[in-house]
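J.: Here's a sequence, model it:
(2 chains, ligands or ions: 4)
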Amino acid sequence: MAQKPKVAFYWCASCGGCEEAVVDLEENILKVVDAVDIVLWPVAMDFKKKDIEAMEDGSIAVAFINGAVRMSEQEEWVHLLRKKAQMVVAFGACAHLGGIPGLANLNTKQQVFDTCYRDVPSNDNQAKTVPGLDSTVDGHHLHLPVFWDTVKSLAQVIDVDYYLPGCAPPPDLIWGAINAILTGQLPPKGAVLSPNKACCDDCPRKDTKPDKIEISEIKRPATHLMDPELCFMAQGFICMGPATRSGCGNRCIEGNMPCRGCFGPMDDVYDQGAKFLSAFASILAPKDEAGIDKLLDQIPDPTGTFYRFSLPTSLLHRRKTGAPV
Amino acid sequence: MATAAYEPRIVAFFCNWCTYTASDLAGTARLAYEPNAPVIRVMCSGRVDPQFVLKALQEGADGVLIGGCHPGDCHYQEGNYKALRRFRLLKRVLTQFGVEDERVRLEWISASEGDRVQHVINEMTHQLRALGPFHQARS
Ligand code: SF4
Ligand code: SF4
Ligand code: SF4
Ligand code: FES
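T.: Ligands and ions are numbered 1, 2, ... in the order given. I've put the predicted structure just below:
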């Protein structure tokens, strides 16, 4: 019997949702298991790093890696997988764009540690212990990975062959990608495996989007009722649809929530947040500085909103280092 | 980088109908001003995509100057209002990115205001000289 292609799944700075997405393949997962030989999947099976190190270079057909890269251990792992795998797929928004963990790039490691280990009210850490690199507990020496100041996308650390977008990627897209890989029907290297058009193009509400929108009040899902049929932008909600790649099945819109941009930008866009900002600012009603500023006060966190999933892969990557807080 | 050798690099996006013409006028009038701001001519300040500003900063600019027609004077009616809205929103984002206020500036300069071009470029160059270079992590 011909050898089945070897497949690895790995996670870095990840919430586990992308692992869940693989399980969401439901019965198709059995077909995957039939067709391939899973050699690494830390969330589900017990493999050790040394097992992978012992493998021949290039002997893994494809490695699916989810999560952003923010620690030295993750960096070591993805370099190892790059060496062992013929193809690397950045799986999900965190690996593709930096994702939600990437929002930490508006802060420093110190600020993250202060918040997590000192300031959060639910903390019970009177000794003010923070993770260090080396420590000794009960005579056992412990060496922890280095936590970086800056969160990176996978392609900022290793060469990536394909990107599966989404937080998390939807099952049909995953299944399509696996089939394309197994049958060798892949687009050119570097492609994002989802159609290169805007979310708005597929949106069930697109016919309710007027040609000319003028926003004089910016609404938020938490504080305003949302009409279940009308284009969110026409209602005054921030919807990232115009600056986001399609292919998710408009699942947020279907659930009566505006798009938050998890599929990332279309090809030829350098910076998803700036692209959205440009489109959004142009449809605001006021024309004078005071009126504009008053309206913009209704967006409490513009960067976190426009770059919710893409901060590390934005043109500036992170908050300027050394900038005063 | 030795600070003595530091000269700010400013990328200037000037509207064809007003600020670009004003910089031409500054030239013919032989107004001397700092040579730190090479000009990119655009048809309207409304053509300046915020991505241009970020791209300039990412590629090594220390500041970006956008020049357009005074309110009410845009050749395309609304372009400068769009520019202003984008600019006000972009400034908020830039502040969150830790980019200092002096680095990105929008000015309305009409075709006859050559002296204003001189003044703004001089002022911005001096401010950025004092502020120092814009270092941003690049990958
Ligand atoms: S892309 Fe979304 S689901 Fe996947 S690891 Fe990141 S946060 Fe979780
Ligand atoms: S802006 Fe949002 S709601 Fe409106 S058409 Fe686009 S994706 Fe749909
Ligand atoms: S609607 Fe937007 S945020 Fe929601 S899944 Fe699709 S791309 Fe992601
Ligand atoms: S034509 Fe000058 S700003 Fe529009």
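J.: give the contact list for residue 97.
T.: Reading this off chain A. For residue A:97, the contacting residues are A:153, A:165, A:264, A:272, A:309-310, A:312-313, by CB atoms under 8 Å, 6 or more residues apart in numbering or on different chains. Where you see a C-beta, it was placed from the backbone N, CA and C, and this is true even at glycine.
J.: actually chain B
T.: So residue B:97 contacts A:106, A:303, A:316, A:318-320, A:323 (CB under 8 Å, 6+ apart).
J.: any idea of the pLDDT on the residue in the stretch 101-250 of chain A that chain B sits nearest to?
T.: Residue nearest to chain B within the stretch 101-250 of chain A: residue A:156 (4.8 Å; CB to the nearest CB). If you check residue A:156, the pLDDT there is 98.
J.: what does the stretch 101-250 of chain A put close to chain B?
T.: A:106, A:150, A:152, A:156 (CB under 8 Å from any CB of the partner chain).
J.: if I look at the last one, how far off is ligand 4?
T.: Same thing as residue A:156. 37 Å (CB to the nearest ligand atom, to the nearest Å).
J.: swap in residue A:250?
T.: Taking CB to the nearest ligand atom, one finds residue A:250 at 36 Å from ligand 4.
J.: There's contact between that residue and residue A:200 in this structure, I believe.
T.: No - at 9.3 Å, residue A:250 does not count as touching residue A:200 under the criterion of CB atoms under 8 Å.
J.: count of neighbours near residue A:219?
T.: 17 (other CB atoms under 10 Å in any protein chain shown).
J.: Can you name the residues bridging to it?
T.: residue A:237 (DSSP bridges).
J.: ok, back up a step: with distance to residue A:79 added, can I get the residues of the stretch 101-250 of chain A next to chain B in a markdown table?
T.: Formatted as a markdown table, those follow (distance: CB to CB, whole Å):
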| residue | distance to residue A:79 |
| --- | --- |
| A:106 | 27 |
| A:150 | 17 |
| A:152 | 13 |
| A:156 | 13 |
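J.: Among those residues, which one has the most neighbours?
T.: For these, the largest neighbour count, defined by other CB under 10 Å, is 27 neighbours, found at residue A:152.
J.: how about it, what does it touch?
T.: Residue A:152 touches A:68-70, A:98, A:312, B:139, counting by CB under 8 Å, 6+ apart.
J.: relative to its centroid, which residue of chain A is most remote?
T.: residue A:139 (39.6 Å; CA atoms, centre = their mean).
J.: Show me where chain A dips below the pLDDT cut-off.
T.: Within chain A, the ranges that satisfy pLDDT under 70 run A:1-2, A:322-325.
J.: what's the neighbour count on residue A:86?
T.: Quick note: residue A:86 (other CB under 10 Å) scores 14 neighbours.
J.: how much space between the residue in chain B that chain A sits nearest to and residue A:106?
T.: Closest contact between chain B and chain A, by CB to the nearest CB, is at residue B:98 (2.7 Å). Relative to residue A:106, residue B:98 is positioned 8 Å away (CB to CB, to the nearest Å).
J.: Going by secondary structure, residue 86 is in what exactly?
T.: Unless you meant another one, I'm taking chain A. strand A:85-91 (DSSP states H and E).
J.: not quite, I wanted chain B
T.: Residue-wise, residue B:86 maps onto helix B:79-96 under DSSP H and E.
J.: counting contacts, what elements does that helix pack onto?
T.: The contact analysis (3 or more CB pairs under 8 Å, 6 or more residues apart in numbering or on different chains; DSSP states H and E) places helix B:79-96 against helix A:272-282, helix A:289-296, helix A:302-306, helix B:50-58, strand B:63-68, strand B:104-108.
J.: Between its first and last residues, how far does stretch A:131-150 reach?
T.: 17 Å (CA to CA, to the nearest Å).
J.: can you list contacts of that stretch?
T.: A:70-74, A:105, A:108-109, A:112-113, A:117, A:312, A:317-318, A:321, B:137.
J.: Let's see that with 10 Å instead.
T.: A:13, A:69-77, A:98, A:102, A:104-105, A:107-113, A:116-117, A:129-130, A:156, A:312, A:317-319, A:321, B:137, B:139 (CB atoms under 10 Å, 6 or more residues apart in numbering or on different chains).
J.: Let's see which of those residues end up in strands.
T.: A:69-71 (DSSP state E).
J.: Most neighbours among these, which one?
T.: Top of those by neighbour count (other CB under 10 Å): residue A:69, with 29 neighbours.
J.: Overlap in contacts, residue B:98 and residue A:106.
T.: Joint contacts of residue B:98 and residue A:106 (CB under 10 Å, 6+ apart) are A:318-319.
J.: and residue A:103, what is it in contact with?
T.: A:151, A:301, A:303-304, A:307-312.
J.: ah, wrong one, I meant residue A:68
T.: With CB under 10 Å, 6+ apart, residue A:68 has these contacts: A:12-14, A:74, A:90, A:92-102, A:104-105, A:151-154, A:156-157, A:311-313.
J.: let's see it at 7 Å
T.: Taking CB atoms under 7 Å, 6 or more residues apart in numbering or on different chains, we find residue A:68 in contact with A:12-13, A:94-95, A:98-99, A:101-102, A:151-153, A:312.
J.: Can you tell me how far residue A:157 is from ligand 1?
T.: Residue A:157 is 16 Å from ligand 1, by CB to the nearest ligand atom.
J.: Burial check on that residue, number of neighbours?
T.: 19.
J.: Make sure it is actually in contact with residue A:77.
T.: No - checked against CB atoms under 7 Å, the pair residue A:157 and residue A:77 is beyond contact range at 10.1 Å.
J.: Nearest residue to the middle of chain A?
T.: Short answer for chain A (CA atoms, centre = their mean): residue A:93, at 2.1 Å.
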